[in-house]
Each structure stands twice: as C-alpha cells, then as structure tokens.
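# Mind folding the following:
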Amino acid sequence: MTEVFARRASGLVREATLTDTALFGIMNSAACVAVWYYIETSSYMFPGVNHIITFILTGILTVFGFSMVWGILGAAMPRSGGSYVYNSRIIHPAIGTAVSFANAGFVMAAWIWVLAPWVADPGIPVLAGALGIPYEAIAWCTEPVGMYIISTIVNLAGLIVVFAGLKKFFYIQRILIGWGLVAAVVTAIMFTINTPSSFVSKWDYLAQQYGALTWTETLARARAEFGIPETWNLISSLGAILPLSAGIYGYVISFIGGEVKSPRRNIFLGNILCTVIMILLTAWNTIALQNIVGWDGLHAIAYIYNEWPEWYGFPFPPDPFNIACMLTDFNVVIGLILGLGFIFCIFMMIPFSYIAFSRGLFIWGMDRIGPSWFAEVHPKYHQPVKSFILLFVIGQLGLLWYVVNPTILALFSVGVMQFISVFAVTALSCAIFPFVKKVRHIWNTSPHKEWKVFGIPYATIAGVLTLIYVGILVWANFYSEGMAALNPIWTPIYVVVWILGLLWYYLWKRKRAKEGIDVDMAFKQLSPE
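Coordinates of the predicted model:
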C-alpha cells in the first residue's frame, strides 16, 4: 500500500472543534445571504408559495435525510476531500473522481467568480441602503470596472486568509460568521416587534420624502404587473424548496473531515446543527416579515427587487436588511450590524472555496490520480498552498466573465451541478453503503451501523430521503421560468464537466500503471490520516 499512497500520513492536523465544525457548515450556508436569497427569490420565482409548508417539507427531508447522509458517511470515513472519499470507495473511483472534479474542481472555482462580485453587488448596495447612503454614491460598485476591482480585492483577501492556516481561519470564522448570525437574528427581531401599521407608516413617510409610491399604491402596481396569486398552491410551495436550499450547505464539513476533532461525533452533529439553525433562522425572518407586509407585500418586495421597475422611487433596494433598518429609522449602529453582517457572510465563502478546492486536489494526490504536488502540505501552515495559488488564477479569469455578464440566478445554475453531481450520487452511496461488500470493513466500524428502522439501516433511509429532496430541487430548477434562459447554457456544461472528470481518472490511472503503480489498491481502504 505504501506504493500507492503518497505517504503514510496526510500532514493535515485535526484542530476543528464542534463549534468550528458547525460554523464551517453555517459559513457556507451564509446566514444573512440565505435569508436574503430566500426572501427575494422564493415569491418571485414561485409566486403562491406557502412558506410554512416549504419549511416543514425541507426540514423533514434535510434534517432526517440530507444532513444524516453527510453525518453518517463523514463519521464512518473521517477524511478530508469531500464526497470523493465516500463515492470512490463505495461506488467506483471513476465516479468518485467525476463527482469531485465537478464539485471541488469546477463548482468551487465557480463560487469565486459568482460570489466575490456579490460583495460589490448586492453587498455594498445593501450596506449603503442600511446606512441611508444614496444609491448614486455607490453605483460605480455595480459597474463592470468597479465590480472587478472590488471582487479582485475580495479574492485576494480570501487567499490571504487561508494562507494563515486553518486554525486562524476558524478564529476569523467565529468572528465574521458570528456577526452574520447576530445580523440575521436582529433582522428577525425587528420584523417580530413591529406591526403592519408601523411598517406602513415608515414606508409612507419615506415615500413622501423621495416622491415614491405609498405602500397601498406600491401593492396595486405590483399586483397589476406581477400578477400576485390570490392564495397559495402546492406546486410553488414545493418549488420554493430550491431557493431555500441555498442555506442548507452543511455538507461542506466533508471537505475538512480529516481535520475535525472527535470526528465521529462532531462531523455528525455539525451537519445536523447547521441545518436546524439555518432553517429556523430563515423561517423566522420570512414568516415575521410576511406578518408585517402581508401576502401581497412579500410578493411585491420580491418583484421590485428582481425587476426594479421605474416607478420604484426609493434609493435603497427592498431587501430584508434595508427594511429592518427602515423600521429603526436607519439607526447607524443597526445599519452597520446588518450591512456588514451581509457582506461578511458573502466574503467567508471565498476562503472556504480555497479550502474545498485544495482538499479535493489534495485527496486526488494522495490516491495518485493527480500530480504529486496536489498532496504537498506546507510544513508551517499545514495547508496545500500551491492549490491556493492555482485557484486564485482560475478565479481571476472567471471574474472577468461574471462582471461583464452578471446574473444573481447563476447561483442556482452552479448549485444544480452540485445537486446532480454531488448530492444525488452521495445519497446513493449512503443508501447502499451497508450492503456493499468491498466497504463492509468500513461499515462494520461505523458508529451508526446499528441505527435501523423496521430492520432497514437508517443510512439507506437517509439516502432515499435525500434522493427525493434532490429530485425536487432539480425539478424546480427546470420548472422555474426564471431559469429558462440559463438552463440551455448550463446543462451542456454539466455534461462536459462530468466527461472531463471521468477522463481525468482514467488518464491518471493509465499514467500510474506505466509507472508500475496500481491505483485500484488505494480504493480498497481509506487514505492515511
């Protein structure tokens, strides 16, 4: 086996506590961003959504399915590298490589060129609106040149953060993600303690100042242009599970599985905690906001935010954080808490992308299906720094494309790559895990091997629930009219990336065979810790 693995030990260090692990999942779920994204897209993409039904269904499918899948697999195979570890051992190394190529390789690079510009837009407009700064003063941030400058600074800052090492990253994560969680809670409190009449009075007062429409007039225009449905429907309630999925990303804990202390406990609990916290936080904000703006109001806000009609005369976007600040008469302290919290949540997904990308390449190097430098770990920082530099270059190239053709809905397009290539395949792995002979020795040491319902291993039940969840997400993506223009572009991309992933595996397998190394031997057990 020493002839296959790059070395006897990985060089990575177990230093993530349960708090670090749970926050790592919440970090990628981006508390403030998840709240903003769901509120501003769910009623727009799926008018007629019953949010309570959406939250309940998502909670069942994710807490008892999706999170359990990643918790069970992570506890059984606590190695860094993401879903590659699970799928390459349970299904086939070629499948594991293709999944990892799509997720750690393509998607993590895509997150940088999609999300780094988000600091410029919508991040800075949200902050400016929260502080009462006129949009004209920061409009340059949303133009291609300004957006590229800001996103480049963000990308560079993300690179610097990960160069400092994982331990320091966790320290920064606690501060910035903690701030983001506080911001999301403060926003929910503002919606909870206010009444419909107080909201309308604040809106109408500002409308008079800016020469905008009153709230009653705003609702009338939105009804006429958007066609707000009279009541809810089940199809929209199912479809809205898609935008809610942006906040259920605790699965990323799998990328640092080999760096988590007490992994059998902390990886499992970290996934569950992330999902529960994010669903409750998003539900609280959404339902509390609907209570003060009404059914029509929530649809109107989403319509205005996405279409920005000429008649909307306010100098700030009607996002949940600006509305919360409006309710405080734009208190500067509250504005800083909410606006910076939103930006911090976006920013932290950039250094995360570096971590996930590098861990994907790292485990390929350990299994000898990539250059040897993929598995190199800097002795001081305990990080694969060469992979960081590679991603920085790729990210900068991607930023050039995004700033010329920005679209917030691109988040869904990148996400669908994960739904199909990562979530569905990994759910299948978990479902068959107890029955695959070649990994029986791993299953027998799993802390969840005795978990059964009517004699069925819970790993299988969790896998099936997750497949149902993924099926809804993929259906909703192609069902939504808002995604119609993007799907013909992105669907071929999904296919090409998968083909490249399969070619990567077989070409490296052939290369190693010529060197006298049988890479198949690596997949008969877990890589060294």
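# List the buried residues in stretch 442-457.
Across stretch 442-457, burial judged by 16 or more other C-beta atoms under 10 Å covers I442, W443, S446, H448, K449, W451, P457. Just so you know, the C-beta spots here come from the backbone N, C-alpha and C atoms, and that holds for glycine as well.
# In helices only, show me the residues you listed.
Within the buried residues of stretch 442-457, residues falling in helices by DSSP state H are I442, W443.
# Would you mind listing the two of the buried residues of stretch 442-457 that lie farthest apart?
I442 and W451 (15.5 Å; C-beta to C-beta).
# how many neighbours does A164 have?
Look at A164: counted by other C-beta atoms under 10 Å, it has 14 neighbours.
# Give me the pLDDT for the closest residue to it other than its chain neighbours.
Using C-beta to C-beta, 6 or more residues apart in numbering and skipping residues adjacent in sequence, the residue nearest A164 is Y381, 7.2 Å away. Y381 is assigned a predicted lDDT (pLDDT) of 70.
# didn't Y381 look like it was pressed against K167?
No - at 9.3 Å, Y381 does not count as touching K167 under the criterion of C-beta atoms under 8 Å.
# By mean pLDDT, which helix or strand of this protein comes out lowest?
When the helices and strands of the chain are compared on mean pLDDT, DSSP states H and E, helix 410-418 comes out lowest with a mean of 59.
# Next secondary structure after the host helix or strand of V470?
Here V470, judged by DSSP states H and E, is contained in helix 458-479. Where DSSP H and E defines the elements, the next helix or strand beyond helix 458-479 is helix 487-514.
# What helix or strand is K202 located in?
Per DSSP H and E: helix 196-210 holds K202.
# same question for that helix, mean pLDDT?
The average pLDDT for helix 196-210 rounds to 95.
# so what secondary structure elements neighbour the longest helix along the chain?
Longest helix of the chain, by residue count under DSSP H: helix 263-307. Using 3 or more C-beta pairs under 8 Å, 6 or more residues apart in numbering; DSSP states H and E, the elements in contact with helix 263-307 are helix 18-29, helix 31-45, helix 51-61, helix 67-76, helix 166-193, helix 196-210, helix 215-226, helix 320-327.
# Nearest to Y148 among those helices would be which one?
helix 31-45 (20.9 Å).
# S67 touches G250, doesn't it?
Yes - shown here, S67 and G250 form a contact pair, counting by C-beta under 8 Å, at 6.2 Å.
# So these two - more neighbours on which side?
G250 (30 against 27).
# gap between the closest residue to Y44 other than its chain neighbours and F321?
Distances taken as C-beta to C-beta, 6+ apart place A302 nearest to Y44, at 3.9 Å, with adjacent residues excluded. A302 sits 15 Å away from F321, taking C-beta to C-beta, to the nearest Å as the criterion.
# which of these two has more neighbours?
When A302 and F321 are compared for neighbours, F321 comes out ahead with 31 against 26, by other C-beta under 10 Å.
# Would you confirm that that one contacts G123?
No - because the distance of 10.6 Å does not satisfy C-beta under 8 Å, F321 is recorded as not touching G123.
# where do the contact lists of those two overlap?
F342 (C-beta atoms under 8 Å, 6 or more residues apart in numbering).
# From the structure, what's the count of residues near K380?
For K380, using other C-beta under 10 Å, the count is 8.
# Report pLDDT for the residue nearest to it when sequence neighbours are not counted.
Nearest residue to K380, sequence neighbours excluded (C-beta to C-beta, 6+ apart): G165, at 7.9 Å. On the pLDDT scale, G165 is placed at 83.
# give the contact list for G165.
K380, Y381, H382, Q383.
# Next: R89.
With C-beta under 8 Å, 6+ apart, R89 has these contacts: M77, G96, K438, V439, I442, F523, L526.
# Among those residues, which ones are in strands?
Counting by DSSP state E, no part of the contacts of R89 is found in strands.
# which one of these sits closest to A188?
Distance to A188, by C-beta to C-beta, is smallest for M77 among the contacts of R89, at 36.8 Å.
# Make sure the closest one is actually in contact with T445.
No - using C-beta under 8 Å, M77 makes no contact with T445, being 9.9 Å away.
# roughly how far is stretch 253-272 from the heart of the chain?
Taking C-alpha atoms, centre = their mean, to the nearest Å, one finds the center of stretch 253-272 at 17 Å from the center of the full chain.
# And T491, what's its pLDDT?
67.
# Same check on A157?
94.
# so what's M278 closest to, chain neighbours aside?
G247 (4.3 Å).
# How much space separates the closest residue to G65 other than its chain neighbours from P528?
Nearest non-adjacent residue to G65, counting by C-beta to C-beta, 6+ apart: L465, 2.8 Å away. The gap separating L465 from P528 is 33 Å, by C-beta to C-beta.
# Run a quick neighbour tally on the residue nearest to I301 when sequence neighbours are not counted.
Once flanking residues are discounted, I301 sits nearest to P318: 4.7 Å by C-beta to C-beta, 6+ apart. Residue neighbour count, defined by other C-beta under 10 Å, stands at 23 for P318.
# Also M349?
24.
# Which helix or strand contains it?
helix 332-366.
# which element follows that helix toward the C-terminus?
Next along from helix 332-366, by DSSP H and E: helix 385-404.
# hang on, the earlier thing: my read is that the residue nearest to Y44 contacts E40, right?
Yes - the pair A302 / E40 is scored as a contact, 5.5 Å apart, by C-beta under 8 Å.
# how about P47, what does it touch?
Contacts for P47 were tallied using C-beta under 8 Å, 6+ apart; they are F226, G227, I228, P229, S236, H299.
# If we use 10 Å, what do you get?
When contacts are counted by C-beta atoms under 10 Å, 6 or more residues apart in numbering, P47 touches 226-229, 232-233, 236, 239-240, 298-299, 302-303.
# tally of neighbours for the residue nearest to Y354 when sequence neighbours are not counted?
In this structure, Y354 finds its nearest non-sequential neighbour in V162, 4.5 Å apart by C-beta to C-beta, 6+ apart. For V162, the neighbour count with other C-beta under 10 Å is 27.
# Next one: V162, what pLDDT does it get?
pLDDT at V162 comes out at 90.
# so who does it touch?
So V162 contacts 168-169, 172, 350-355, 357-358, 381, 383-385, 387-388, 391-392 (C-beta under 10 Å, 6+ apart).
# Could you rerun that using 8 Å?
V162 touches F169, P351, Y354, I355, S358, Q383, F388, counting by C-beta under 8 Å, 6+ apart.
# how about JSON lines for those residues, with neighbour count and distance to K514 added?
Output for these, formatted as JSON lines (neighbours: other C-beta atoms under 10 Å; distance: C-beta to C-beta, whole Å):
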{"residue": "F169", "neighbour count": "24", "distance to K514": "39"}
{"residue": "P351", "neighbour count": "25", "distance to K514": "38"}
{"residue": "Y354", "neighbour count": "29", "distance to K514": "33"}
{"residue": "I355", "neighbour count": "27", "distance to K514": "33"}
{"residue": "S358", "neighbour count": "27", "distance to K514": "27"}
{"residue": "Q383", "neighbour count": "25", "distance to K514": "31"}
{"residue": "F388", "neighbour count": "21", "distance to K514": "30"}
